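> Sequence and predicted structure are below.
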Amino acid sequence: MEAAESSRERLWELIKDIRFAMFTTRHGNGHLHSRPMTTQNRAIDEDESLWFFMSRRSEPVGDLASGAEVNVSYADGGQDRYVSVSGRARVVEDRAKARQLWNKLAEAWFPGGAEDPDLALVEVQITHAHYWDVKENKLVQLFAMAKAALGGEPPRDLGESREVRMRG
């Protein structure tokens with residue numbers, strides 16, 4: 001398996017079961033704003049994109065008009081998995097893609113379905129991701145942290161932490 005394919009698959013494995021992500025944009029006042037959003041993908045696209053449904057009237061869509069750089073962060077505290085995705089976001093006018101991604105839960109927000117005029121399909125083209133996947137159980141983690149605190153060195157070998165570069 002190619003390195004890029006392996007990275008894409010590993011990234012998807014970590015985020016696929018996390019229901020909500022925090023989608024961060026730069027607001028017009030310069031501040032970073034994060035909101036919970038649901039990733040609509042069923043798998044990472046071949047072009048390494050994540051897809052979201054948003055209201056055309058919402059602040060995140062407005063923020064994208066002035067800055068495309070976003071961060072999408074995922075956290076699963078129960079499994080000790082954390083992922084930070086950086087990328088460029090844009091509203092895509094593609095009703096066929098919206099229909100492909102459509103699901104019954106989205107209907108709560110967009111009663112007109114994939115054809116709802118308020119539905120904005122937002123693509124995030126991943127440029128970079130970093131993940132932390134802690135494999136050790138809580139007791140092992142606590143022991144490693146206590147040992148590190150006594151020894152004055154940060155804990156080591158508490159799982160996997162990797163950078164994933166998708167595009168320039």
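All right, it came through fine.
> mind listing what's buried in stretch 66-82?
Val70, Asn71, Val72, Ser73, Tyr74, Ala75, Asp80, Arg81, Tyr82 (16 or more other CB atoms under 10 Å). C-betas here are computed from N, CA, C, even on glycine.
> Quick one: the helices in this structure, in order.
3-15, 59-66, 95-101, 138-151 (DSSP state H).
> Compare the mean pLDDT across these and name the weakest.
Mean pLDDT is lowest for helix 138-151 out of the helices of the chain, coming in at a mean of 45.
> hmm, back to that, from the buried residues of stretch 66-82, which ones fall inside strands?
Using DSSP state E, Val70, Asn71, Val72, Ser73, Tyr74, Ala75, Arg81, Tyr82 are the members of the buried residues of stretch 66-82 that sit in strands.
> Find the nearest non-adjacent residue to the last one, please.
With CB to CB, 6 or more residues apart in numbering as the criterion, Tyr82 has its nearest non-adjacent residue at 4.6 Å, and that residue is Trp132.
> can you tell me how far that neighbour sits from Ala43?
Trp132 sits 22 Å away from Ala43, taking CB to CB, to the nearest Å as the criterion.
> So the two - more neighbours on which side?
When Trp132 and Ala43 are compared for neighbours, Trp132 comes out ahead with 16 against 9, by other CB atoms under 10 Å.
> Show me what that one bridges to in the sheet.
Tyr82, Ser161 (DSSP bridges).
> Can you give me the distance of it to Asn71?
Where Asn71 is concerned, Trp132 sits at a distance of 15 Å (CB to CB).
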